[in-house]
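S.K.: okay, structure incoming, though there's no sequence with it:
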Ligand code: UDX
């Protein structure tokens, strides 16, 4: 081949990116969707994935997937302490990730990675990128508004907002309107968590760019504030699910009988209820949810993930009276094809925990929401749903059957409980 031919080949060659998702459902989905988007835009994509929650490789013939050891024990993967889990994950994966990247760079000299895209939770990946002289782009799997709140936590701490939280829950956070004190992300092991969040925010600011699964029209003022404050190039190229559904990256089997059940329901009559892949509740909260649903008298499709109630297998914690009262208008599954559910004509509303993927998917289908945030970014997302974007309401009292009943009636029938 002559020199001109070689040059043309080189120019046509696709460039390789390495993506590194955090192995949790709400983080895997947007990263795999981003991988699909980049691939159709002409990039070759390699994915480095932990052994924990590793994907079924047959689902991704278009990507090269490298599985790295994560060293997590049975107890560590089943802990309810998310901070501990994420810290352990970061500690355990730094070495294997570095080795895998080194291997990729030395082996694939013909088409070496030109950049890495890592979930912002991976706090060691900037150092790894620096040591290989590669740019690192961060994917934030959550909203810009919640990132700004996480970044402001030191300020909120300094101003005393985090002291005696219970005595001023309803007060406005004047620096971050319309946030109230009760919307500040709180966690069980707060000191450790705030440290981890700071570390993540600092490492995110060092990146060559931040990709947000959001869109300009939704979070324009927040994107503006972010760019003004941090001067890191940001790319708001979401919502990803409108390009690629999250079906292929589901960690649980999606029960398709939910769609057949919906097919038999009247248009806009059903409330879809799901609290995502991580949130848990206790028996008392579960009772409130169940009786709030029952008392609303509305048809519902409810995702009760095994383990949603701490210490339970599945439905054994649900009162028999509830099951009997709702038999004709309620359908319960372990996991649903959520995007398909939300786009089904029978759906009239979505009661959600305020996870970012769920909110984007709901907005994408024009489905109004009731939000019951459980922790983290969900608190901020839910306040924005009700007070800024006005695409739903937030249950202000936590999980309390009276408010649940009237919230559902208001959402589904446009009126308060009688
Ligand atoms: C987590 C955090 O809790 C969330 O706050 C953060 O924004 C992202 O990481 P998760 O709790 O799982 O995510 O919620 P969410 O972001 O809503 O993601 C759940 C995903 O699972 C969605 O893509 C949804 O479509 C999918 N899903 C959910 C199903 O496919 N079936 C279901 O039955 C429920």
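M.R.: Sure, I can see it. This is a predicted model, so every value here is computed, not measured. Numbering: from 1, shown residues only.

S.K.: need the residues of the stretch 151-300 of the chain near the ligand, please.
M.R.: The stretch 151-300 of the chain has residues 246, 250, 254, 274, 276-279 near the ligand, with proximity defined as Cβ under 6 Å from any ligand atom. C-beta coordinates here come from the backbone N, C-alpha and C atoms, glycine included.

S.K.: who wins on neighbours among those residues?
M.R.: residue 274 (24 neighbours; other Cβ atoms under 10 Å).

S.K.: what's the burial count for the nearest residue to that residue once chain neighbours are set aside?
M.R.: Leaving aside its chain neighbours, residue 274 sits nearest to residue 303 (3.9 Å; criterion: Cβ to Cβ, 6 or more residues apart in numbering). If you count neighbours by other Cβ under 10 Å, residue 303 ends up with 22.

S.K.: likewise for residue 235?
M.R.: Neighbour count of residue 235, defined by other Cβ under 10 Å: 13.

S.K.: please name the nearest non-neighbouring residue to it.
M.R.: In this structure, residue 235 finds its nearest non-sequential neighbour in residue 211, 4.8 Å apart by Cβ to Cβ, 6+ apart.

S.K.: quick one: that neighbour and residue 293, what's the gap?
M.R.: 37 Å (Cβ to Cβ, to the nearest Å).

S.K.: same check, this time on residue 411
M.R.: Counting by Cβ to Cβ, the gap from residue 411 to residue 293 is 12 Å.

S.K.: just residue 376 next, same as before
M.R.: Distance of residue 376 to residue 293, computed by Cβ to Cβ: 24 Å.

S.K.: please see if stretch 14-27 touches the ligand.
M.R.: Yes - against the ligand, stretch 14-27 shows contacts by Cβ under 6 Å from any ligand atom at 25-27.

S.K.: before we move on, back to that, right, and out of the residues of the stretch 151-300 of the chain next to the ligand, which lies closest to residue 359?
M.R.: Ranked by distance to residue 359 (Cβ to Cβ), these are led by residue 276 at 10.5 Å.

S.K.: residue in the stretch 151-300 of the chain with the shortest distance to the ligand?
M.R.: Nearest residue of the stretch 151-300 of the chain to the ligand: residue 276, at 2.8 Å (Cβ to the nearest ligand atom).

S.K.: is it true that that residue touches residue 26?
M.R.: Yes - contact criterion Cβ atoms under 8 Å: residue 276 and residue 26 qualify, at 6.4 Å.

S.K.: for the longest helix belonging to the chain, buried residues please.
M.R.: When the chain is parsed with DSSP state H, its longest helix is helix 82-107. For helix 82-107, a neighbour-count test (16 or more other Cβ atoms under 10 Å) marks 82-90, 92-94, 96-98, 100-101, 104 as buried.

S.K.: any stretches of this structure with poor pLDDT?
M.R.: Along the chain, segments meeting pLDDT under 70 span 1-12, 187-189, 415-418.

S.K.: quick one on the thing from earlier: list the contacts for the residue of the stretch 151-300 of the chain closest to the ligand?
M.R.: 25-26, 352-353, 355, 358 (Cβ atoms under 8 Å, 6 or more residues apart in numbering).

S.K.: swap the cut-off to 6 Å and go again
M.R.: 353, 355 (Cβ atoms under 6 Å, 6 or more residues apart in numbering).

S.K.: what's the local residue count around residue 302?
M.R.: 22.

S.K.: quick check: it is in a helix.
M.R.: No - counting by DSSP: H, G, I helix; E, B strand; the rest coil, residue 302 is not found in a helix; it is strand.

S.K.: contacting residues for it?
M.R.: Residue 302 makes contact with 273, 332, according to Cβ under 6 Å, 6+ apart.

S.K.: what secondary structure does the most centrally placed residue in the chain sit in?
M.R.: Nearest to the geometric centre of the chain sits residue 26, at 3.5 Å (Cα atoms, centre = their mean). On the three-state scheme (three-state DSSP), residue 26 is labelled helix.

S.K.: please shift the residue numbers so they start at 46 in all later answers.
M.R.: Got it, the first residue is 46 from now on, which makes the last one we talked about residue 71.

S.K.: ok, for residue 60, nearest residue in space, not its chain neighbours?
M.R.: Nearest one to residue 60, counting by Cβ to Cβ, 6+ apart, is residue 159 at 5.0 Å.

S.K.: quick one, what contacts the residue nearest to residue 336 when sequence neighbours are not counted?
M.R.: Take residue 336 and drop its neighbours on the chain: the residue closest to it by Cβ to Cβ, 6+ apart is residue 446, 4.5 Å away. When contacts are counted by Cβ under 6 Å, 6+ apart, residue 446 touches 333, 336-337.

S.K.: quick one: the strands in this protein?
M.R.: 60-65, 88-95, 109-113, 158-164, 181-185, 254-257, 279-281, 315-319, 345-348, 375-378, 392-397, 414-416, 437-439 (DSSP state E).

S.K.: what about the closest residue to residue 107 other than its chain neighbours, neighbour count?
M.R.: The shortest distance from residue 107 to any non-neighbouring residue, by Cβ to Cβ, 6+ apart, is to residue 84 (5.8 Å). When neighbours are counted by other Cβ under 10 Å, residue 84 registers 17.

S.K.: equivalent analysis for residue 335, please.
M.R.: Neighbour count of residue 335, defined by other Cβ under 10 Å: 23.

S.K.: so it sits right up against residue 367, yeah?
M.R.: Yes - here residue 335 reaches residue 367: they are 4.5 Å apart, a contact under Cβ atoms under 6 Å.
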